[in-house]
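**Student:** quick one, fold the following:
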Amino acid sequence: MPLDVRTVPADAPEVDALLDAYLDERERTFPTAQGTYARKRTPAAEFTAPDGVFVVAYEDGVPLGCGGLRRIADGPTEDGGVDVRFEVKHVYVAPEGRGRGVATAVMDELEAAAGALGATAVVLDTNDSLVAAGAMYRSRGYARVAPFNENPNATAWYRKPVR
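**Tutor:** Numbering: from 1, shown residues only. As a prediction, this is how the structure comes out:
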């Protein structure tokens, strides 16, 4: 059965379960050389239209992955303009869904939502230890940029223009 990616409230029970698994995994696998993982969940209210969305990918009714999109402060572009920025947060795929296109489907939905909400750029941060995530973002056209937040867990920041 194909994946069904849909917008859900960011405080739905399946979101709580996915985000708990995500935070548990990041805490367990965080590079010790970088210190202690700062366990932080973005408030659900930040993922509410018109300032954001939260999506879950289901297969046969089973939630396999998720991700959120929230409006953040405008930022400068390289040519001196101003970006209307939306930030991708909490992209996670359960182990049983990995390697099956779940993250791609989640990102497709989040990027489409960003365009519909008026974004001129989508930004995100990640940690270089998440090699597959970094590779996926770069393959989607995200380019590394200077840090735009002070996330203590992040080592890499990315931006992609919305066309």
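
**Student:** so what's the nearest residue to residue 22 once chain neighbours are set aside bridging to?
**Tutor:** Nearest residue to residue 22, sequence neighbours excluded (C-beta to C-beta, 6 or more residues apart in numbering): residue 92, at 3.7 Å. (Each C-beta comes from the backbone N, C-alpha and C, glycine too.) Here residue 92 sits in beta bridges with residue 66, going by DSSP bridges.

**Student:** would you check how far apart residue 92 and residue 75 are?
**Tutor:** Distance of residue 92 to residue 75, given as C-beta to C-beta, to the nearest Å: 25 Å.

**Student:** between these two, who's got more neighbours?
**Tutor:** residue 92 (20 against 17; other C-beta atoms under 10 Å).

**Student:** which outside residues touch the helix or strand of the chain at the bottom of the mean pLDDT ranking?
**Tutor:** Every helix and strand of the chain was ranked by mean pLDDT, DSSP states H and E. The lowest is strand 75-76, at a mean of 88. Contacts to strand 75-76, defined as C-beta atoms under 8 Å, 6 or more residues apart in numbering, come from residues 82-83, 85, 121, 123, 148.

**Student:** is it possible to get JSON lines of the residues you listed that adds secondary structure, distance to residue 28 and neighbour count?
**Tutor:** Output for the contacts of strand 75-76, formatted as JSON lines (DSSP: H, G, I helix; E, B strand; the rest coil; distance: C-beta to C-beta, whole Å; neighbours: other C-beta atoms under 10 Å):
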{"residue": "82", "secondary structure": "strand", "distance to residue 28": "39", "neighbour count": "11"}
{"residue": "83", "secondary structure": "strand", "distance to residue 28": "35", "neighbour count": "21"}
{"residue": "85", "secondary structure": "strand", "distance to residue 28": "31", "neighbour count": "20"}
{"residue": "121", "secondary structure": "strand", "distance to residue 28": "32", "neighbour count": "19"}
{"residue": "123", "secondary structure": "strand", "distance to residue 28": "27", "neighbour count": "21"}
{"residue": "148", "secondary structure": "coil", "distance to residue 28": "27", "neighbour count": "20"}
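
**Student:** out of those residues, which is nearest to residue 46?
**Tutor:** Each of these was checked against residue 46 using C-beta to C-beta; the closest is residue 85, at 13.3 Å.
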